[in-house]
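*Asks:* Structure of the sequence below:
(one chain, ligands or ions: 1)
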Amino acid sequence: MSFDLKKRREDFPILQQKIYNRPLVYFDNAATTQRPQQVIDALTKTYTEYYGNIHRAAHFLADKATIAYEETREKVRLLINAETREQIIFTKGTTESINLAAFSFGEAFIQEGDEIIVSEMEHHSNIVPWQLLAGRKGAKIVMLPVDEEGRLKIEQLEKLITDRTKLITVTHVSNVLGTINPIRQITHLAHSRGVRIFVDGAQAAAHLQIDVQDLDVDFYAFSAHKMYGPNGVGVLYGKKELLEQMPPYQGGGEMISEVKFSGTTYNELPYKFEAGTPNISGVIAFGAAIDYLENIGIEKAANWEGELLNYATALLIQIPGLRIYGTQVEKSGVISFNVEGVHFFDLGTMLDKFGIAVRTGHHCADPLMDHFGIQGTVRASFAFYNSKEEIDVFVEALKKVISMF
Ligand code: C6P
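*Replies:* Residues are numbered from 1 along each chain as shown. Presented below is the predicted three-dimensional model:
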């Protein structure tokens with residue numbers, strides 16, 4: 001690999017510790033990544049040097065905080081190659097971004113009898129807000145199924161689109177299977193039929209170079225905490241002509257132009273969708289996380305994560321009775337598996353005693369669990385700071401745990 005793994009690991013103070021007297025092996029990066037010192041420092045610096053409420057006051061601290069906050073917006077714009085800064089809306093995470101879009105797009109464009117296509121591999125965050133919308137409007141949710149390899153059955157999409165289809169919503173990368181979906185292909189098909197597309201980028205933004213113009217998506221959502229940034233910060237990107245037609249999601253300070261009891265007018269984009277005091281320090285520190293990630297190089301990081309994925313997969317498939325869910329070639333650094341005769345929860349709990357952090361359960365993807373006829377899995381998910389040595393430790397510990405049952 002062309003970046004210095006040892007040096008990179010040193011950037012992350014939390015990775016230096018021991019858990020139950022063993023070096024921490026952190027393989028729960030799809031749930032949330034850890035933060036480098038640079039991001040922690042940016043957070044501290046904001047609070048110690050220039051914290052004030054943004055866009056409101058005339059004083060020095062508020063001005064400096066506003067400039068830093070807006071600088072992050074520009075960094076996000078450049079990161080995903082959005083056309084304008086007005087299209088970058090800060091939220092508290094992917095979940096809020098999806099809820100915002102589902103509510104406001106729904107208010108503007110969804111009528112009774114309309115249809116929304118949702119893939120079977122979605123996280124609950126990208127199912128429930130659309131169900132709520134469907135319930136409010138009398139619209140219908142249509143499911144796009146996955147196959148046994150964990151691949152979307154794109155060939156069925158053409159038939160699923162009807163005259164009533166208004167939107168397709170799909171994850172860029174599955175948080176369970178690791179599957180990378182062919183977004184450009186889906187977008188092309190959707191747009192050729194006059195259908196809009198929403199993409200949940202929660203598991204993609206730290207691992208793929210996102211270009212919203214090239215992908216031609218109508219909406220794209222992601223969370224800073226899965227990108228080595230602070231929690232409580234997310235982004236919604238949207239096409240300007242859509243955002244302009246969509247009503248506000250929440251009312252409050254900042255999102256208004258003028259408030260009268262006779263009627264209120266709303267602020268321009270992106271502020272129309274940013275009601276109330278946002279996570280000021282979090283957004284500023286997210287800027288530092290973007291700098292950090294770009295300094296490493298998303299592609300370089302992804303290449304290393306791909307090596308880790310292949311290395312771990314090759315070792316895991318040798319374990320008798322172990323089944324991996326999600327075997328598509330186009331895959332990000334996520335491995336979900338079960339071992340015959342051992343409950344996933346027992347595996348996770350025992351691995352923890354070896355200092356190994358994995359996630360167990362349904363991963364907020366019940367429909368996908370139903371598809372495979374399971375209750376849950378063990379999930380190991382990698383970041384660029386993980387090593388092959390850690391995978392060796394994980395596989396050896398897993399073998400020991402299995403032998404105990
Ligand atoms: N998945 C996981 O362990 P928030 O919580 O709003 O930052 O992200 C929600 C979300 C939306 N879509 C996908 C594909 C996701 O993976 C997640 C979060 C974590 O898989 C926590 S459940």
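*Asks:* Val170 falls within a strand, correct?
*Replies:* Yes - the assignment for Val170 is a strand, going by DSSP: H, G, I helix; E, B strand; the rest coil.
*Asks:* thinking His123 is in contact with Pro367, fair?
*Replies:* No - using Cβ atoms under 8 Å, His123 is not in contact with Pro367, being 10.0 Å away. (Glycine included, C-beta is placed from N, CA and C.)
*Asks:* Which one's more surrounded, those two?
*Replies:* Remark: of His123 and Pro367, His123 carries more neighbours, 22 against 17, as counted by other Cβ atoms under 10 Å.
*Asks:* That one: what's it in contact with?
*Replies:* If you count contacts by Cβ atoms under 8 Å, 6 or more residues apart in numbering, His123 has them with 171, 175, 200, 202, 363-365.
*Asks:* Please repeat the previous calculation with a cut-off of 6 Å.
*Replies:* His123 makes contact with 175, 364-365, according to Cβ atoms under 6 Å, 6 or more residues apart in numbering.
*Asks:* State the pLDDT value of it.
*Replies:* You'll see His123 listed with a pLDDT of 98.
*Asks:* for the ligand, what are the nearby residues on the stretch 151-300 of the chain?
*Replies:* 171, 175, 200, 202-203, 223, 225 (Cβ under 6 Å from any ligand atom).
*Asks:* Low-confidence stretches in the stretch 151-300 of the chain?
*Replies:* Under the criterion pLDDT under 70, no range of the stretch 151-300 of the chain is flagged.
*Asks:* The residue of the stretch 251-400 of the chain found nearest the ligand is in what secondary structure piece?
*Replies:* Closest residue of the stretch 251-400 of the chain to the ligand, Cβ to the nearest ligand atom: Cys364 (4.1 Å). Under the criterion DSSP states H and E, no helix or strand holds Cys364.
*Asks:* and it, how many neighbours?
*Replies:* The tally of other residues near Cys364 (other Cβ under 10 Å) stands at 18.
*Asks:* Surely it is in contact with His124?
*Replies:* Yes - taking contacts as Cβ atoms under 6 Å, Cys364 lies within contact range of His124: 4.4 Å.
*Asks:* Out of the contacts of His123, which comes closest to Phe384?
*Replies:* Nearest to Phe384 among those: Asn175, at 17.9 Å, using Cβ to Cβ.
*Asks:* which one is the residue most central in space within the chain nearest to, not counting chain neighbours?
*Replies:* Central residue of the chain (Cα atoms, centre = their mean): Ala202, 0.9 Å from the mean position. With Cβ to Cβ, 6 or more residues apart in numbering as the criterion, Ala202 has its nearest non-adjacent residue at 4.2 Å, and that residue is Thr94.
*Asks:* three-state assignment of Arg379?
*Replies:* The three-state assignment at Arg379 reads strand, by three-state DSSP.
*Asks:* Neighbours of Ile296, how many?
*Replies:* 17.
*Asks:* now the one 10 residues further on
*Replies:* For Gly306, the count of nearby residues is 15 (other Cβ under 10 Å).
*Asks:* Not counting its neighbours along the chain, what's nearest it?
*Replies:* Per Cβ to Cβ, 6+ apart, closest to Gly306 is Gly333, 6.9 Å.
*Asks:* Now do the contacts for Ser223.
*Replies:* Here Ser223 is in contact with 93-94, 202, 234 (criterion: Cβ under 6 Å, 6+ apart).
*Asks:* returning to that earlier point: just confirm the residue nearest to the centre of the chain is within a helix.
*Replies:* No - assignment of Ala202 by three-state DSSP gives coil, placing it outside any helix.
*Asks:* hang on, it packs against Gly93?
*Replies:* No - with contacts counted by Cβ under 6 Å, Ala202 stays clear of Gly93, the gap being 8.3 Å.
*Asks:* What strand or helix carries Glu96?
*Replies:* Going by DSSP H and E, Glu96 is part of helix 94-109.
*Asks:* and that helix, does that touch the ligand?
*Replies:* Yes - contact check for helix 94-109 against the ligand, using Cβ under 6 Å from any ligand atom: residues in range are 94-95.
*Asks:* residues of that helix that come out buried?
*Replies:* Going by neighbour count (16 or more other Cβ atoms under 10 Å), the buried part of helix 94-109 is 94-107.
*Asks:* Heading C-terminal from that helix, find the next helix or strand.
*Replies:* Using DSSP H and E, the first helix or strand after helix 94-109 is strand 115-119.
*Asks:* Quick one: residues in contact with that following strand.
*Replies:* 127, 130, 140-142, 144, 152, 160, 164-165, 167-170.
*Asks:* swap the cut-off to 7 Å and go again
*Replies:* Here strand 115-119 makes contact (Cβ atoms under 7 Å, 6 or more residues apart in numbering) with 127, 130, 134, 139-144, 152, 160, 162, 164-171.
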